[in-house]
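Participant: sequence first, predicted coordinates after that:
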Amino acid sequence: MLIADIIKCMSRKFIVTIITLFIIAAAAGLAIFFAKGYTFSTKERRVVGTGIITINSEPDSASVFVDGHLTTATNATISSLPTKSYSIKITKEGFIPWERSVEVKEGLVSELKVTLFPAIPTVYPLTFNGVSSPVLSPDASKLVYVAKAGKKPGIWVWTMAKNQPIAFTRSSEPHQIANSSLADLSKVSFKWSPDSKQVLATVGNQNFLLNADSLNTEPKDITAILQATLKGWEDDILAKETARVETIKDNKLKKIASDSAKLNWSPDETKFMTDKRIYDLVDLKDFPLPSAKTHIWLPDSKHIILVEDGSISIIDFDRTNDQKAVIYAGKFDDSLVFPWPDSSRLVIISSFPTPTASEPNFYGINLR
C-alpha cells in the first residue's frame with residue numbers, strides 16, 4: 001500500500017511538472033508570437049499580423065507623425081502596426097522636415113535612419129584675400145588653389161581633416177606649396193596625381209610637378225616628360241577603376257558598370273551612379289537619378305548633393321525622403337562645390353558686390 005501511494009504521489013508530481021512546463025512553453029510561444037508583431041483584433045475577432053517601424057534620426061529627439069498624428073520622438077520603435085502604407089513625417093525645430101510613405105508588412109521591421117538638415121544653414125567666410133582655380137584631390141581630402149593676395153600669395157593646399165573646425169587654423173592644415181614667383185598664377189591650371197600626393201601646375205608651356213604636403217622651393221618643370229607622366233597617371237586610374245568593377249559580384253551590375261562611360265562611385269564604394277541611375281551593390285537595387293547640373297556624393301555615402309543654377313540641395317540616395325532638402329539658394333560658382341570629409345558641411349566659392357568682398361572666396365555651409 002505504501003509503494004502504491006508513493007507511485008501515485010510521483011505520478012501527480014510528474015503530471016504537475018509536465019503541465020507547468022507546457023504552460024511555460026505556451027507563454028513563451030505567445031510572447032514570441034506577439035513580439036513578432038501579431039495581435040488580437042477585436043474588430044476582426046482573430047489574431048492578425050502586424051509590423052514594426054524603428055526610427056532613428058540625426059539629430060535625435062525629433063517629433064514623429066504617423067498619418068498626421070504625433071506619435072513619438074526619435075529614436076524610437078513603433079510596434080503593433082496593422083499592415084498598410086503609413087505617412088511618416090519627422091520634424092524638429094530649425095530643421096527641414098523629412099517625409100515619406102512607409103509600407104508596413106506582416107511580421108517585418110521597417111527601419112528608418114533619417115538625417116535632418118538645417119532649415120537655415122550658417123554660411124560664413126573661410127578666406128578673405130581671394131582664391132581661384134580650386135581643384136579637389138581624388139581622395140576628396142585636399143583642395144589646391146591659388147591665394148591671390150595676403151602675406152603669402154601663391155599656390156596653397158588645404159587639407160580638410162575630419163572632425164576639425166572648418167577654419168584656416170593649424171588643425172585644418174592649409175599650407176603653401178609654391179610662392180607667387182613660380183609663374184603667372186592668374187593663368188594656372190591644376191591636375192592631381194591619382195594618389196593625391198602631387199599636383200601638376202600648368203602655366204602656359206610650363207608644367208611644374210609639386211609635392212602637395214610641403215613647400216616646393218625649387219619647383220621642377222617636367223614638360224619634357226609630361227606625356228609619360230600623364231600616361232602613367234591614366235594607367236593607374238584605369239587599373240583602379242577596373243579593380244573596382246571586378247569586385248562587383250552581380251553580373252548584371254558588373255556589365256552596367258563596365259559599359260558606362262563614366263562612373264561616380266560612393267566614398268564607401270558600395271554604390272555607383274551613372275548619368276541616369278544609382279545602383280546599390282549591397283541590396284542589389286537601383287533608383288532614378290534626379291535632374292541636376294552636377295551630382296556629388298556626400299561622404300556619408302547615403303546622400304547626394306544636387307547642384308543646380310542658383311541652388312544646392314541634398315537627397316537620400318535611395319529616394320527615401322520624398323522631398324529634397326534645399327541647403328543654399330544664392331550666388332555661388334556652381335562648378336565648385338566641395339563636401340567636407342565628415343559630411344558636416346559644404347565649401348563653396350562666392351563673392352559679394354561690396355568693396356571688401358568682391359573677390360571670390362571660400363565660404364562654409366554647415367549641415368549640422
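Facilitator: Everything's here; your move.
Participant: can you name the residues bridging to L200?
Facilitator: Going by DSSP bridges, L200 is paired in beta bridges with K191, L209.
Participant: how near is it to G51?
Facilitator: Distance of L200 to G51, given as C-beta to C-beta, to the nearest Å: 56 Å. No exception for glycine: its C-beta is placed from N, CA and C like everyone else's.
Participant: who has more neighbours, those two?
Facilitator: Set L200 next to G51 and count neighbours by other C-beta atoms under 10 Å: G51 wins out with 23 against 19.
Participant: buried ones in whichever strand or helix holds the more buried one?
Facilitator: Using DSSP states H and E, G51 falls within strand 46-58. Buried residues in strand 46-58, counted by 16 or more other C-beta atoms under 10 Å: 48-53, 55, 57.
Participant: would you check how far apart I78 and G68 are?
Facilitator: 15 Å.
Participant: those two: which is more packed in?
Facilitator: Legend: neighbour count by other C-beta under 10 Å for I78 and G68, higher for I78 (18 against 8).
Participant: skipping adjacent residues, who's closest to that one in space?
Facilitator: I53 (4.7 Å; C-beta to C-beta, 6 or more residues apart in numbering).
Participant: verify the stated contact: that neighbour with S101.
Facilitator: No. Using C-beta atoms under 8 Å as the test, I53 is too far from S101 to be in contact (11.7 Å).
Participant: now for the two: what residues contact both?
Facilitator: With contacts taken as C-beta atoms under 8 Å, 6 or more residues apart in numbering, I53 and S101 have 86, 88 as neighbours in common.
Participant: picking that back up, biggest separation within the buried residues of strand 46-58, which pair?
Facilitator: Using C-beta to C-beta, the two most remote members of the buried residues of strand 46-58 are V48 and S57, lying 29.5 Å apart.
Participant: SS state for K240?
Facilitator: Using DSSP: H, G, I helix; E, B strand; the rest coil, the structure places K240 in helix.
Participant: what about the nearest residue to K302 once chain neighbours are set aside, distance to F65?
Facilitator: Spatially, and ignoring its direct neighbours in sequence, K302 is nearest to F317 (6.0 Å; C-beta to C-beta, 6+ apart). Remark: distance between F317 and F65 (C-beta to C-beta) = 24 Å.
Participant: ditto for K262
Facilitator: For K262, the distance to F65 (C-beta to C-beta) stands at 40 Å.
Participant: who has more neighbours, the two?
Facilitator: F65 (17 against 7).
Participant: for the more buried one, what are its contacts?
Facilitator: For F65, the contacting residues are 71, 87-91, by C-beta under 8 Å, 6+ apart.
Participant: just those residues now: which is nearest E106?
Facilitator: I88 (18.3 Å).
Participant: the closest one is in contact with V104, isn't it?
Facilitator: No. Counting by C-beta under 8 Å, I88 does not reach V104; the two are 10.1 Å apart.
Participant: give me the common contacts of those two.
Facilitator: What both I88 and V104 touch, as defined by C-beta under 8 Å, 6+ apart, is the set I53.
Participant: okay, strands next: where are they in the stretch 51-200 of the chain?
Facilitator: For the stretch 51-200 of the chain, the strands defined by DSSP state E, counting those that start in this stretch cover 63-66, 69-73, 76-82, 85-91, 98-103, 109-115, 123-125, 131-136, 142-147, 154-159, 174-179, 189-192, 198-203.
Participant: for the closest residue to L284 other than its chain neighbours, give me the pLDDT.
Facilitator: Among residues not flanking L284 along the chain, D250 sits closest, at 5.8 Å (C-beta to C-beta, 6+ apart). Looking at D250, its pLDDT stands at 93.
Participant: before we move on, what about P134?
Facilitator: We have a pLDDT of 93 for P134.
Participant: quick check: it touching V144?
Facilitator: Yes. In terms of C-beta under 8 Å, P134 counts as a neighbour of V144; the distance is 6.9 Å.
Participant: which residues touch stretch 277-284?
Facilitator: 248-250, 253, 256-257, 270-273, 285-289, 304, 317-318.
Participant: could you redo the last one with a cut-off of 10 Å?
Facilitator: Stretch 277-284 is contacted from outside by 247-250, 252-254, 256-257, 260, 263-266, 268-273, 285-290, 295, 297, 304, 317-319, using C-beta atoms under 10 Å, 6 or more residues apart in numbering.
Participant: mind checking which of these land in strands?
Facilitator: Within those, membership in strands is found for 264-265, 271-273, 285-288, 295, 297, 304, as judged by DSSP state E.
Participant: what subset of those residues is buried?
Facilitator: Here, 16+ other C-beta under 10 Å leaves 264-265, 271-273, 286-287, 295, 297, 304 buried among these.
Participant: walk me through the domains of the protein.
Facilitator: Split into domains by automatic domain parsing, the chain comes to 38-115, 123-246+290-366.
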